[in-house]
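Asks: mind folding the following:
(one chain, ligands or ions: 1)
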Amino acid sequence: MPQILDGKATAAEIKKELAERVEALKAKGVTAGLGTVLVGDDPASHSYVGGKHRDCAEIGIASIRKDLPEDITQEELEKEIEDLNNNPECTGYIVQLPLPKHIDTNRILEKIDPDKDADGLHPTNLGRLVLNVGDELDSPLPCTPNGVIELVERHGLSWKGKKVAVLGRGITVGRPLGLLLTRKGVNATPTLVHTGTEDVDGALRDADIIVAAVGQPHNVKADQVKDGAILLDVGVSRIEDPETGKKKLTGDISPEAIEKSSWYSPNPGGVGPMTRAMLLVNVVETAERMAAEQ
Ligand SMILES: Nc1nc2c(c(=O)[nH]1)N[C@@H](CN(C=O)c1ccc(C(=O)N[C@@H](CCC(=O)O)C(=O)O)cc1)CN2
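Replies: Residues are numbered from 1 along each chain as shown. Just a heads-up that it's a prediction; the model follows:
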């Protein structure tokens, strides 16, 4: 019977720890403040950003919210970014992804002040992750990959020496996760599996741990998973529930594959809540660095 990697409970534990650090910052006269930039009307993005602000309120972090129209120009959006760079009440911020197609996302990410980058997606911070394999990092880590690592470790499991197949090579999950897995404190051996991979089945069957982040419902099948593997389900899809006829969230891993695992993260309730918790970690750590420099 597979055991559950409980993201909700683990995120709650992390938030409790962070609330104490937020209080300690306040005692030093520093209030951490998260800014969010949300462009357009995508309901899922609105719901994620709403969740981020609720989390902040729960642990005493202030909120600055910029909800902007779908037809905003690149130049106007860059001005909004500049505004957050210069706002002392905003100690860290994120630009909710994806952005509309007419916006150059990489140029926007590059405009974020790397010292206020709460998502760890600025090229300087990704570069620090590439350059520094061994020592403690004093820069933010991308939230979902960091949440995946933490979720496994907080259940008493280790990545050390494990063969890990990461399904997907996107910028918010697959690519940075590959970098995190090879850090000296983690010491796993990742294989990035993507649309150009010839032997997908072989790579998955060989893996001790599979992280699936493609957003295709039940894409990982039982015959692709070795008995006792650990399965982390990151991708999200909305499918029709055959019993109710209503849309429901589901992950990339099929129920039959989960049956063969030793541990799995449910979706929803696994990596999603950890993504939110790791954002709070970045906001608190950024504010702590600012406080230390005062
Ligand atoms: N700037 C960023 N954009 C996006 C990121 C990111 O890390 N930074 N990741 C995703 C979306 N995301 C956060 O922004 C996110 C996704 C899912 C969840 C979550 O808690 N999901 C719940 C289910 C929620 C529901 O019921 O709708 C779960 O898995 O239990 C949180 C955050 C893309 N964009």
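Asks: please report the distance of the closest residue in space to residue 224 that isn't next to it in sequence from residue 131.
Replies: In space, and not counting its chain neighbours, residue 224 is closest to residue 204: 4.2 Å by CB to CB, 6 or more residues apart in numbering. To be clear about C-beta, it is placed using only N, CA and C from the backbone, and glycine gets the same treatment. Taking CB to CB, to the nearest Å as the measure, residue 204 and residue 131 are separated by 31 Å.
Asks: compare the two (neighbour count), which wins?
Replies: Regarding residue 204 and residue 131, a neighbour count based on other CB atoms under 10 Å identifies residue 204 as having more, with 23 against 8.
Asks: look at that one and report its pLDDT.
Replies: For residue 204, the pLDDT comes out at 98.
Asks: ok so it is a strand residue?
Replies: No: secondary structure of residue 204, determined by DSSP: H, G, I helix; E, B strand; the rest coil: helix, with no strand assignment.
Asks: what sits against it?
Replies: The contact partners of residue 204, taken as CB atoms under 8 Å, 6 or more residues apart in numbering, are 165, 167, 193, 210, 220, 224-225.
Asks: so of these, which ones are in strands?
Replies: 165, 167, 193, 210 (DSSP state E).
Asks: would TSV of the residues you listed with distance to residue 39, neighbour count and pLDDT be doable?
Replies: What follows is those, written out as TSV (distance: CB to CB, whole Å; neighbours: other CB atoms under 10 Å; pLDDT from 0 to 100):
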residue	distance to residue 39	neighbour count	pLDDT
165	33	25	98
167	28	29	98
193	31	24	97
210	33	28	98
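Asks: quick one: which of those is nearest the ligand?
Replies: Nearest to the ligand among the ones in strands among the contacts of residue 204, counting by CB to the nearest ligand atom, is residue 167 at 16.3 Å.
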